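>>> Fold the following for me, if possible:
(4 chains)
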Number of protein chains: 2
Amino acid sequence: MNRKEDIILKAARLFRKKGFSSSSMRDIAGSVGIEAPSLYNHIKSKHEILEIILLEIAEDFTNGMNSICESDKKASQLLKEIIDLHITLTIKKTDQIGLLTHEWINLTGAAREKFLKLRNDYELNFKKVIEKGMMEGEFKKLHIDLTLFSTLSTLRWLYAWYKSNQDMDIDRLRSDMYTLLVDGLTQGLD
Amino acid sequence: MNRKEDIILKAARLFRKKGFSSSSMRDIAGSVGIEAPSLYNHIKSKHEILEIILLEIAEDFTNGMNSICESDKKASQLLKEIIDLHITLTIKKTDQIGLLTHEWINLTGAAREKFLKLRNDYELNFKKVIEKGMMEGEFKKLHIDLTLFSTLSTLRWLYAWYKSNQDMDIDRLRSDMYTLLVDGLTQGLD
DNA sequence: ATATTTGACTAACAAACGTTAGTTAGCTTG
DNA sequence: CAAGCTAACTAACGTTTGTTAGTCAAATAT
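Below you'll find the predicted structure:
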């Protein structure tokens, strides 16, 4: 099964560089070092490759979020843990995360529905954390969806920034993200 | 020339929904209401459509940024004007902006170089505003690139949020964005 | 040692792709 | 009114696409 993992990995890298639709099975095979038809000894279709990549990383996020939400800490602490989750996954699976935001449009049928459900649940849990912070007076009272969207877009774009700044100290990254995303919400309260 | 504009507009909508590579010339023609070969009476190639869309919106941003940077106001004021620029363009050209962040990978040759130069210059000007704010003691001193990237990703993702919240009051959106992106940098200074 | 499975290969398919050629109806211009 | 231009059409092109069929050598299991 090492081959299969290699195919998925190389495909993810290619999809990120050229996009899913612009990457052919011959491209993928070439970057693995085999011929295109040989791919089908390991995967069912080109679409299945994308499904595996996207659903795996979506489930990583869902699992991480669920275990964070189980506890009843302060909202600011929960937010920090969510930030940690994003940083950890970004470092571990940079290429896959780069596909999350846009390439899901190439999913169809059940895979598409499942992916969107995971994403929606994730955002809903995230939203609850922000609402909690605002309700308990820890966060500024802003438009909730806009705050969610703003925080999330920074976290989602981390991968693009990380790719060209891999030398940065992770602890520094973490603490600056806290300042940017948490302190911005908690400080300056009137 | 009305047809040409219509083609560009319909193509932008299609590209955003299905991606550039997954949208065929027959798809585009269909959404315009003509046959695929008739497109070539108005445009040179499929790639040219993407180039027109991306370079036009990139130049909109560049022009906006340049006229903002001409003045010597406080950094916080400049940042607010940059936010205004993003909001204005997002409302006026939602579909086109949705392509900016990812579909440029389908550009080749001179168009790609030109686009990336525009984008890079834009980010450099943006960075100067943030640096100015930090140097003059108006903004918190954080990792500059990370701050830039965080602010920019929120602004770049506005289009996705706007699409499903078109009923929101623009002035409310503007003021909440100020709070989120400007106050977060200025408040809580030690 | 024999049988079976694995995983690579070449050949090839049908469909879809961007695009060109050639034609024609209708509008614009002298 | 005639000439030329515009912008649509159909037919068809050569490529590239994802994928299937069939083959075969090496590894694995019995």
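
>>> Next, the contact list for the residue lying closest to residue A:157 once chain neighbours are set aside, please.
Spatial nearest neighbour of residue A:157, excluding adjacent residues (Cβ to Cβ, 6 or more residues apart in numbering or on different chains): residue B:153 at 3.7 Å. The C-beta positions use only the backbone N, C-alpha and C, and glycine is treated the same way. By Cβ atoms under 8 Å, 6 or more residues apart in numbering or on different chains, the residues touching residue B:153 are A:153, A:154, A:156, A:157.

>>> which two of the residues you listed lie the greatest distance from each other?
A:154 and A:156 (7.3 Å; Cβ to Cβ).

>>> which of the residues in the helix or strand harbouring the residue nearest to residue A:157 are buried?
Using DSSP states H and E, residue B:153 maps to helix B:144-163. Under the neighbour-count criterion of 16 or more other Cβ atoms under 10 Å in any protein chain shown, helix B:144-163 has B:145-162 buried.

>>> Likewise for stretch A:74-83?
Those would be A:75, A:76, A:78, A:79, A:80, A:81, A:82, A:83, for stretch A:74-83 by 16+ other Cβ under 10 Å.

>>> Just the mean pLDDT for it, thanks.
In this model, stretch A:74-83 has an average pLDDT of 98.

>>> name the element the closest residue in space to residue A:16 that isn't next to it in sequence belongs to?
Leaving aside its sequence neighbours, residue A:16 sits nearest to residue A:98 (Cβ to Cβ, 6+ apart; 4.4 Å). Using DSSP H and E, residue A:98 falls within helix A:94-100.

>>> Run the chain-centre distance for that helix.
Centroid separation between helix A:94-100 and its chain, computed with Cα atoms, centre = their mean, to the nearest Å, is 7 Å.

>>> which other residues reach that helix?
By Cβ under 8 Å, 6+ apart, the list of residues contacting helix A:94-100 reads A:9, A:12-13, A:15-16, A:20, A:50, A:53-54, A:56-58, A:89-90, A:156, A:159-160, A:162-163.

>>> for stretch A:134-148, same thing?
The contact list for stretch A:134-148 (Cβ under 8 Å, 6+ apart) reads A:74-76, A:123, A:126-127, A:130-131, A:133, A:185-186, A:188-189, B:161, B:165, B:172-173, B:176-177, B:179-180.

>>> Can you give me the first-to-last residue distance of that stretch?
12 Å (Cα to Cα, to the nearest Å).

>>> Next: stretch A:67-80.
End-to-end distance for stretch A:67-80: 14 Å, by Cα to Cα.

>>> and what of stretch A:128-147?
Start-to-end, stretch A:128-147 (Cα to Cα) is 12 Å.

>>> Could you pull out the buried residues of it?
Result for stretch A:128-147 [16+ other Cβ under 10 Å]: buried residues A:129-130, A:132-134, A:138-140, A:142-143, A:145-147.

>>> Flag every residue of chain A that's near DNA strand D.
With the criterion set to Cβ under 7 Å from any atom of the strand, chain A comes near DNA strand D through A:23, A:24, A:25, A:26, A:27, A:36, A:37, A:39, A:40, A:45, A:46, A:47.

>>> Now the buried members of the residues you listed.
By 16+ other Cβ under 10 Å, the residues of chain A next to DNA strand D give A:23, A:25, A:27, A:39, A:46 as buried.

>>> how near is the residue positioned nearest the centre of chain A to residue A:20?
By Cα atoms, centre = their mean, chain A has its centre lying nearest to residue A:97, at 4.6 Å. Distance, residue A:97 to residue A:20, using Cβ to Cβ, to the nearest Å: 15 Å.

>>> Check residue A:95 too.
12 Å.

>>> Tell me which of these two has more neighbours.
residue A:20 (26 against 19; other Cβ atoms under 10 Å in any protein chain shown).

>>> Now that one: phi and psi?
Backbone torsions of residue A:20, given as degrees, to the nearest 10, read phi -60, psi -50.

>>> Pretty sure it sits against residue A:103.
Yes - the pair residue A:20 / residue A:103 is scored as a contact, 4.9 Å apart, by Cβ atoms under 8 Å.

>>> Check the secondary structure at residue A:142 for me.
coil (DSSP: H, G, I helix; E, B strand; the rest coil).

>>> In terms of pLDDT, where does residue A:188 sit?
The model's pLDDT for residue A:188 equals 63.

>>> want to try TSV for the buried residues of stretch A:128-147, with pLDDT as columns?
Listed next are the buried residues of stretch A:128-147 as TSV, based on pLDDT from 0 to 100:
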residue	pLDDT
A:129	98
A:130	97
A:132	97
A:133	96
A:134	95
A:138	95
A:139	93
A:140	89
A:142	87
A:143	88
A:145	92
A:146	90
A:147	93
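
>>> Looking at those, spot the one nearest residue B:110.
residue A:146 (38.3 Å).

>>> so where's chain A uncertain?
Chain A contains residues with pLDDT under 70 at A:1, A:188-190.
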